[in-house]
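Chemist: Here's my sequence, what's the structure:
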Amino acid sequence: MEFGLSSDQNLLRETFEVYLREQSTLTRVRAFADGNQARAADLWAGLGEIGLNGLLIPEAHGGLGMGPLEACLAAEALGNRVTPVPFVAHAGMVPTALMLAGSPVQQANWLPRIAAGRTVVGAALAERSGARAGAGVTTHNGRLDGRALHVLDFEADAYLVADTAGGLHLVAADAPGLTRRRLETIDRTRPIGELILSGVQGDRLPGANAEVCQRVLDIGRALLAADSLGAAQNMIDQAVAYAGQRVQFGRVIGSFQAVKHLCATMAADLEPTRAFVWYAGHALSADPQDASRVVCHLKAHLSDVATSVAKTATEVHGGMGFTDLVGLHYWFKRIGFNRQMLGSPERLRAQAARLQGWQ
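Modeler: Residues are numbered from 1 along each chain as shown. Below you'll find the predicted structure:
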């Protein structure tokens with residue numbers, strides 16, 4: 001049995017890669033990071049035409065009707081070019097929640113708007129993966145109170161908010177009682193923030209429960225892992241290219257055995273994770289009962305591998321790796337952000353152990 005991508009999946013991946021290679025350049029990323037934009041509007045429009053927003057949304061609601069594996073391929077391409085557009089929450093977690101737990105009316109109202117890019121929806125589920133002191137949202141008589149940290153795709157028109165009991169609620173960005181605050185993080189390619197809710201009226205997804213929340217977290221974690229895979233691959237490519245150009249002692253540094261070993265080790269460590277990402281994407285749709293365990297292992301392992309690649313690729317560049325001129329830090333910081341978001345490797349391995357009955 002051969003497990004690989006279909007011709008349609010390869011075509012989808014190539015379509016995103018070609019567009020992003022031409023449009024999501026380092027100059028474009030740097031302009032976004034140095035500004036105060038909600039998203040890169042030009043890239044957002046172009047990716048929307050390709051169908052990025054509606055990958056997981058059924059055709060009946062204006063989407064492409066694809067699955068988590070295809071979404072992972074898109075996330076890998078976005079991470080490879082550190083593209084500054086909303087995706088993980090807006091096109092991954094939120095549509096998943098709506099399809100699993102939303103009412104027919106909610107699905108008909110939200111999914112077509114998300115697929116068309118008319119509405120951006122962020123996700124406030126970080127507390128479901130590890131609550132912090134003073135954070136968490138409670139529900140009383142249909143009103144939401146509390147504080148949600150590390151909201152993904154923060155510059156949005158609405159938010160999917162999880163409460164402490166496993167409920168999921170859609171909240172408009174301009175809802176009375178809602179205060180938004182953008183947070184500073186190491187990754188300047190993706191806005192993140194916090195929500196403070198005081199008696200906010202939310203639209204509860206009727207089918208939401210702890211199991212649904214877990215499946216929404218699973219897709220988010222898988223997409224973050226795929227994003228890290230793409231970012232790490234780009235760092236390897238940059239390191240190899242630099243090693244073939246940088247001259248020391250009359251020779252390019254790529255001819256030195258030590259540098260060859262560094263580059264070979266990075267490639268050997270990262271390449272097996274690609275099949276791991278594909279399998280996790282497959283498991284999310286074909287084996288949902290085991291998907292949480294697989295995704296926990298995936299994100300924990302890929303976080304460690306990508307972090308190692310980021311450090312080694314920077315070392316291959318020498319002092320140049322730390323300059324803004326090279327821009328390697330955008331990929332380095334994106335990997336660092338992905339590592340901690342929705343669960344650190346340590347927390348995810350502990351969860352995987354519990355799922356396997358080891359704790």
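Chemist: show me the contacts for Leu47.
Modeler: Contact analysis of Leu47 by Cβ atoms under 8 Å, 6 or more residues apart in numbering lists 16, 19, 53, 83, 85. Glycine gets a C-beta too; all of them are placed from N, C-alpha and C.
Chemist: Pull up the gap between it and Ser24, please.
Modeler: Distance of Leu47 to Ser24, computed by Cβ to Cβ, to the nearest Å: 9 Å.
Chemist: Find the residues that touch each one of these two.
Modeler: Thr83.
Chemist: Help me confirm that Cys213 comes into contact with Gly166.
Modeler: Yes. Between Cys213 and Gly166 there is a contact under Cβ atoms under 8 Å: 5.3 Å.
Chemist: More neighbours: which of the two?
Modeler: Cys213 (22 against 14; other Cβ atoms under 10 Å).
Chemist: confidence score at the more buried one?
Modeler: Looking at Cys213, its pLDDT is 96.
Chemist: One more: Ile50?
Modeler: Reported pLDDT for Ile50: 95.
Chemist: which residues does it contact?
Modeler: 15-16, 19.
Chemist: Could you report the pLDDT at the residue lying farthest from the centre of the chain?
Modeler: Distance from the C-alpha centroid of the chain, by Cα atoms, centre = their mean, peaks at Gly250 (42.7 Å). pLDDT for Gly250: 84.
Chemist: what about this protein, any weak spots by pLDDT?
Modeler: 1-2, 131, 359 (pLDDT under 70).
Chemist: ranges for the strands of the stretch 1-150 of the chain?
Modeler: For the stretch 1-150 of the chain, applying DSSP state E, counting those that start in this stretch gives strands covering 121-124, 136-140, 143-151.
Chemist: need the ones you listed in a markdown table with distance to Gly92 and mean neighbour count, can you?
Modeler: A markdown table is the format used below for these (distance: least, Cβ to Cβ, whole Å; neighbours: other Cβ atoms under 10 Å):
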| stretch | distance to Gly92 | mean neighbour count |
| --- | --- | --- |
| strand 121-124 | 9 | 28 |
| strand 136-140 | 21 | 16 |
| strand 143-151 | 14 | 20 |
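Chemist: Including distance to Arg221, could those go into JSON lines?
Modeler: Putting the strands of the stretch 1-150 of the chain into JSON lines (distance: least, Cβ to Cβ, whole Å) gives the following:
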{"stretch": "strand 121-124", "distance to Arg221": "12"}
{"stretch": "strand 136-140", "distance to Arg221": "20"}
{"stretch": "strand 143-151", "distance to Arg221": "14"}
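Chemist: Next, count neighbours for Asp153.
Modeler: Asp153, neighbours per other Cβ under 10 Å, totals 27.
Chemist: Give the closest residue to the spatially most central residue of the chain in space, chain neighbours not counted.
Modeler: In the chain, the residue lying closest to the centroid (Cα atoms, centre = their mean) is Leu224, at 3.3 Å. Setting aside the residues directly before and after it, Leu224 is nearest to Asn338 in space (Cβ to Cβ, 6 or more residues apart in numbering), at 4.5 Å.
Chemist: quick one: what helix or strand has that neighbour in it?
Modeler: Applying DSSP states H and E as the criterion places Asn338 in helix 328-340.
Chemist: so what secondary structure elements neighbour that helix?
Modeler: helix 26-34, helix 210-243, helix 288-316 (3 or more Cβ pairs under 8 Å, 6 or more residues apart in numbering; DSSP states H and E).
Chemist: Let me know the distance separating Ala268 from Arg293.
Modeler: From Ala268 to Arg293 the distance is 25 Å (Cβ to Cβ).
Chemist: just Asp287 next, same as before
Modeler: 10 Å.
Chemist: hang on, the earlier thing: what residues of the helix holding Asn338 count as buried?
Modeler: Using 16 or more other Cβ atoms under 10 Å as the test for burial, helix 328-340 gives 328-340.
Chemist: Could you single out the nearest of the residues you listed to Ala175?
Modeler: Checking the buried residues of helix 328-340 against Ala175 with Cβ to Cβ, the nearest one is Phe337 at 27.3 Å.
Chemist: where does the residue nearest to that closest one when sequence neighbours are not counted fall, helix, sheet strand or coil?
Modeler: In space, and not counting its chain neighbours, Phe337 is closest to Asp187: 3.7 Å by Cβ to Cβ, 6+ apart. Following DSSP: H, G, I helix; E, B strand; the rest coil, we place Asp187 in the coil state.
Chemist: Please state the backbone phi and psi of the closest residue to Met320 other than its chain neighbours?
Modeler: In space, not counting the residues next to it along the chain, Met320 is nearest to Val326; the distance is 5.2 Å by Cβ to Cβ, 6+ apart. With angles defined as degrees, to the nearest 10, Val326 shows backbone torsions of phi -70, psi -40.
Chemist: what are the phi and psi values for the residue farthest from the centre of the chain?
Modeler: Dihedral angles (degrees, to the nearest 10) for Gly250: phi 80, psi 10.
Chemist: what about it, distance to Leu69?
Modeler: Following Cβ to Cβ, the distance that separates Gly250 from Leu69 is 48 Å.
Chemist: hang on, the earlier thing: of the helices and strands packed on helix 328-340, which approaches Gly281 most closely?
Modeler: That would be, of the helices and strands packed on helix 328-340 and by Cβ to Cβ, helix 210-243, which comes in at 6.3 Å.
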